[in-house]
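>>> missing the sequence, but the structure's below:
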């Protein structure tokens, strides 16, 4: 079988898969499923990256997303009412506007993609992209690399300070008073 | 490699591995229990139990996530197979040897947490649910030490292909270069395979945890997938720490098999020798002890390499 | 002929399908169907009052956030490991600095008791 | 697999993400929309890197930065959600608006 | 011969998955089944094909027993091992085994299982009617039995409600009743728990009332010793056995089943003067760290809280040297000194039992023909024993406050470390459904 045909078929499978699963994220009642649909969408994109000769980036994207989406699922279940979708639900606002924004952005971006003439300069398959990335990391982009480290440190400290209840400044919710209990019936379609 | 050959060879390896885990477990259990040497049972009980589980009707809970329940063992089994596929058996002989084989294996390990979480979430039952969340804590803490312990072995090879990593151990095995690496790898390996002292998601205090509601082939598929995962971890450990096919006299694949068996015995026997750990101290230990240790391992072995 | 990653994918897909097939095989042998009381989740004899699916309080959420940030280091370390020997001391120094910065975060979490929850 | 096709797929992912980010009431679902948008952007970036810039290593570097941004966004987002929920018991955006001041 | 016939023949030789329920006077016999290689003792009914009822299962637990039975996957059957009991179990048991010999029971179980697999014995029918937990179909926009996103009873059950938490996050609290057939607890112990995540927010004892024949309590040598003179060596060997069984169940709870088998075998064969055997066991346990990482600091009870409640090893593991045997002239003549451990946690209690088992065998070896005087105070393996004053009665009320704030695994370790006696817990159902907190 022709190799490029196989690549094409795989590409369209992964592309359709990642878009469809990306859409299903907002169409499922169960938060765990939503998180894992998003994971599937990322896996699809990761697979496309692999097809695009960015083998390392593709695989590492999938690797990273496993942990991130598990955390996503855990946090979503914590902070959603009816997290498992035992009752069907549809929690949206400005729905028509959102649909319109989605359609317009898709149309606009597609037009850009199809009309702008990008230079045709495919990556050289003989180059070891991972090693290239390593040299870039330690060479020209050293500053970016170290900045990322500092940003991640700031994130860790910030996230812990925000999320943890018991910090050195006392209890996080001390002095706050709970809002009165309100029963809201949310619209269902 | 032709797709059919790839799939069949991994399937055979998986079957042998799962059977080996069951037999080693049986022998270790009998030795520790001080039971008599009625050896036939140890060898024949695993296949008999497989048939028994095939005849048991599957159990379903009310309002379960049926797809998730079906997917979880399938995912775990697929991940174990993928992990096995990237382990080289001999020089130039591997089912798959991608340039990023190492990362592929790490990805398979990372997805185990998805499989276990899904398995515990799906039945909509208390004990599986607690097991699932507990494994979340366990796996998130294990992940980084696991990746770091493995990563150190890639330094001398200058490559992320497992074949190159084994090739680079011709004169000295990585276990000598990085004495800290293998213990950490085995510890986290047992944790990833949720076995023995680190079998927290399926623990005895949760009367089976994520598999508490499993019956028949649900249970069979889950146990098979888990044993295959242990086997894949042992095989990868043998390849990247114990020099894979390198060894005198015997042909390479035999060495590989022997080394895998060694690690498998250590991992499987831990179940009969070590008590269940507590989840919270374990998480703290992972972050405060094992991650720094794994980093020390990387930097010290890196510095010695220069 | 398959590229190695495609072989890995094929192995994954086939193994997963085989596991699902194995799981479904017994439905033919052992039968399907159960009554409502047979579907009640096991709690040791009592039936649950509420669904187990709930806003489950995963108390390790702070550790999970720490993981989100710290895990990123792996993305940087893989390419680093590949070029480590060729780059030499500078690679060791740079990654040492990067990791030290990140470890400060872990140390902070540990000091704030963010890794404990019970 | 042409550059145009890749960019269209990326645009589709981005558009779905945008739809989610605008329409969802709950914070966490909103974040999923953002993630999906970043996902589309990442795909477009790598497509351009691979097929249009001849494998300039800075493209890969940028992709890694994207992933880092994604992680930081998630970590801080979840921390904020936790904090808001703890202090105000709000889990959807409307409630937060109502509680302002 | 067809494929399914071959399959069932192969499967009949596999270890039989059994879910045991230990009734009155049957705990020790059921625990000892762990060493049988032809059986596989499982913790959940879903995994079992045979439900083994041993001894008297009180009729007060009939509804729970029926639910347990229905939770088993098919093919399934139940089997009653009478062990001297006369009251029939509340569910139908097609097979009864009257012989107390475990090997005869194992033969019977294997035979029942064979007949079940080959179709000679029909899989038992559900005990409960095929009804949902609550009517729910047809109400609300999706038939969930209510309106709104969290309203109603989807699939027959309501959803959990939020409740405050020490963490400051108001998340769902699950109210569950665990027991009376939870494998890690003694039969009959029901804990009503409020769980947030895997942490126990609130625990209560919920012992159902019911008629329990009191016979089971009297069958041990300690029960006899309340009324008639009993050899001290018999009492002390029984004490060592009881402690070893308790250690075995702790080992099972910490996932060391095969080590537990070794301990149970030892419990079955110890004789007076076998204290060196326990010394060896002590070395093994120290090596395997059971007494270490899994139990240190778990289930800590401040010694002052034990005043007037628990006696026996639990008290002595908190450093209080109180033992009824110290006041007994017979034991005084044997040179008895109470053993104490510091720590007050699960680890100290395990170590205490191990040390006392060794001491008991030593004493038994020295006791010779001496008898225990029924008038003297009696120290059972679980503490002071007198007519109508069961040790479990004093220990049970400690559990609720002890478990609060504990992670589930630690909670189980704690309950296991208290070594509650099944017979005593079941007997409390009969006499006093409300165990009051002292």
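In hand now; what should we look at? What you are looking at is a predicted structure, and each value in this text was computed from that prediction instead of being measured.
>>> who are the contact partners of residue 99?
Looking at chain A here, since you left the chain open. D:19, D:23 (Cβ atoms under 8 Å, 6 or more residues apart in numbering or on different chains). All C-beta atoms are positioned from the backbone trio N, CA, C, and that covers glycine.
>>> actually chain E
Residue E:99 is in contact with residue E:105, counting by Cβ under 8 Å, 6+ apart.
>>> distance of it relative to residue E:107?
Noted for residue E:99: a distance of 10 Å to residue E:107, by Cβ to Cβ, to the nearest Å.
>>> what's the answer for residue E:47, then?
In terms of Cβ to Cβ, residue E:47 sits 22 Å off from residue E:107.
>>> could you do residue E:387 as well?
According to Cβ to Cβ, residue E:387 stands 39 Å off from residue E:107.
>>> what about the two, which has more around it?
residue E:107 (14 against 10; other Cβ atoms under 10 Å in any protein chain shown).
>>> which SSE is that one in?
If you go by DSSP states H and E, residue E:107 is part of helix E:102-118.
>>> and the helix or strand following that helix, is it in reach of chain B?
Counting by DSSP H and E, the element after helix E:102-118 in chain order, helix or strand, is strand E:161-163. No - using Cβ under 8 Å from any Cβ of the partner chain, strand E:161-163 stays clear of chain B, with a minimum separation of 15.8 Å.
>>> other SSEs contacting strand E:161-163?
The criterion is 3 or more Cβ pairs under 8 Å, 6 or more residues apart in numbering or on different chains; DSSP states H and E, and the helices and strands that strand E:161-163 contacts are strand E:171-178.
>>> can you list contacts of the strand it packs on?
For strand E:171-178, the external contacting residues (Cβ under 8 Å, 6+ apart) are A:78, B:126, C:43-44, C:46, C:48-50, C:52, C:54-57, E:159-163, E:165, E:185, E:190-197, E:201, E:206.
>>> look at the closest residue to residue E:197 other than its chain neighbours and tell me its secondary structure.
Ranked by Cβ to Cβ, 6 or more residues apart in numbering or on different chains and with sequence neighbours excluded, the top spatial neighbour of residue E:197 is residue C:57, at 3.5 Å. Here residue C:57 is coil, with the state taken from DSSP: H, G, I helix; E, B strand; the rest coil.
>>> how many residues are close by residue C:57?
25.
>>> generate a ChimeraX selection restricted to the buried entries among the contacts of strand E:171-178.
In ChimeraX, a selection of the buried entries from the contacts of strand E:171-178 looks like this (16 or more other Cβ atoms under 10 Å in any protein chain shown):
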select /A:78 /B:126 /C:43,44,46,48,50,52,54,55,56,57 /E:159,160,162,163,165,185,190,191,192,193,194,195,196,197,201,206
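>>> so which of the contacts of strand E:171-178 sit within strands?
Among the contacts of strand E:171-178, the residues falling in strands (DSSP state E) are E:161-163, E:191-196, E:201.
>>> pull the most distant pair out of the residues you listed.
Within the ones in strands among the contacts of strand E:171-178, E:162 and E:191 form the most distant pair, 22.1 Å apart (Cβ to Cβ).
>>> which one is the residue of chain C most remote from its centre nearest to, not counting chain neighbours?
For chain C, the residue at maximal distance from the C-alpha centroid (Cα atoms, centre = their mean) is residue C:35, at 35.1 Å. Using Cβ to Cβ, 6+ apart and skipping the chain neighbours, the partner closest in space to residue C:35 is residue E:130 (3.9 Å).
>>> just checking, the one you found touches residue C:40?
No - assessed by Cβ atoms under 8 Å, residue E:130 is found out of contact with residue C:40, at 11.7 Å.
>>> out of the two, which sits in the more crowded spot?
More crowded of residue E:130 and residue C:40, by other Cβ under 10 Å: residue C:40, with 21 against 11.
>>> please tell me how far that one sits from residue B:194.
Residue C:40 is 26 Å from residue B:194, where distance means Cβ to Cβ.
>>> ok, now residue B:248?
Separation of residue B:248 from residue B:194 (Cβ to Cβ): 36 Å.
>>> the two - which one has more neighbours?
Remark: of residue B:248 and residue B:194, residue B:194 carries more neighbours, 26 against 5, as counted by other Cβ under 10 Å.
>>> check that one and give its pLDDT.
Residue B:194 carries a pLDDT value of 93.
>>> residues of the longest helix along chain D that come out buried?
Determined from DSSP state H, the single longest helix within chain D is helix D:57-88. By neighbour count with 16+ other Cβ under 10 Å, helix D:57-88 contains the buried residues D:57, D:59-88.
>>> mind listing the strands for the chain?
Using chain A. Using DSSP E, strands in chain A cover A:166-167, A:170-171.
>>> ah, no, chain E please
E:16-22, E:39-41, E:50-54, E:77-81, E:95-97, E:161-163, E:171-178, E:191-196, E:199-205, E:230-231, E:371-372, E:378-380, E:383-385.
>>> list the contacts for the residue of chain D found nearest chain B?
Relative to chain B, the nearest point of chain D is residue D:75 (12.7 Å; Cβ to the nearest Cβ). Going by Cβ under 8 Å, 6+ apart, residue D:75 touches A:155-156, A:159, C:65, C:68-69.
>>> near chain D, which residues of chain C are found?
When proximity is defined as Cβ under 8 Å from any Cβ, chain C approaches chain D at C:61, C:64-65, C:68-69, C:71-72, C:75-76.
>>> among those residues, which one sits closest to residue C:90?
Closest approach to residue C:90 among the residues of chain C next to chain D (Cβ to Cβ): residue C:76, at 14.8 Å.
>>> elements contacting the one helix or strand that closest one maps to?
Assessed by DSSP H and E, residue C:76 sits inside helix C:73-87. For helix C:73-87, the packing partners by 3+ Cβ pairs under 8 Å, 6+ apart come out as helix A:55-79, helix A:129-138, helix A:142-163, helix B:101-121, helix B:126-151, helix B:291-305, helix C:89-111, helix D:57-88.
>>> right, so of the ones you listed, which gets closest to residue A:9?
Among the helices and strands packed on helix C:73-87, the nearest to residue A:9 by Cβ to Cβ is helix A:55-79 (17.4 Å).
>>> so which elements touch the helix ranked longest in chain C?
Scanning chain C for the longest helix, with DSSP H as the assignment, gives helix C:4-30. Secondary-structure packing of helix C:4-30 (3+ Cβ pairs under 8 Å, 6+ apart): helix B:3-33, helix B:39-55, helix B:66-85, helix B:101-121, helix B:217-240.
>>> residue E:67 is in contact with residue E:90, correct?
No - between residue E:90 and residue E:67 there is no contact under Cβ under 8 Å: 11.2 Å.
>>> neighbour count for those two, which is higher?
Neighbour count, other Cβ under 10 Å: between residue E:90 and residue E:67, residue E:67 has more, with 24 against 19.
>>> any idea how many residues pack against residue B:121?
Neighbour count for residue B:121, taken as other Cβ under 10 Å: 30.
>>> likewise residue E:15?
Residues lying near residue E:15 (other Cβ under 10 Å) number 19.
>>> low-scoring stretches of chain C, by residue?
Within chain C, the stretches with pLDDT under 70 are C:1-2, C:118.
>>> name all residues that make contact with residue A:34.
With Cβ under 8 Å, 6+ apart, residue A:34 has these contacts: A:24-26, A:28, A:76, D:29, D:32.
>>> thinking again about what came up before, dump the ones in strands among the contacts of strand E:171-178 to TSV, plus pLDDT.
TSV is the format used below for those (pLDDT from 0 to 100):
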residue	pLDDT
E:161	85
E:162	85
E:163	86
E:191	90
E:192	91
E:193	91
E:194	92
E:195	91
E:196	89
E:201	90
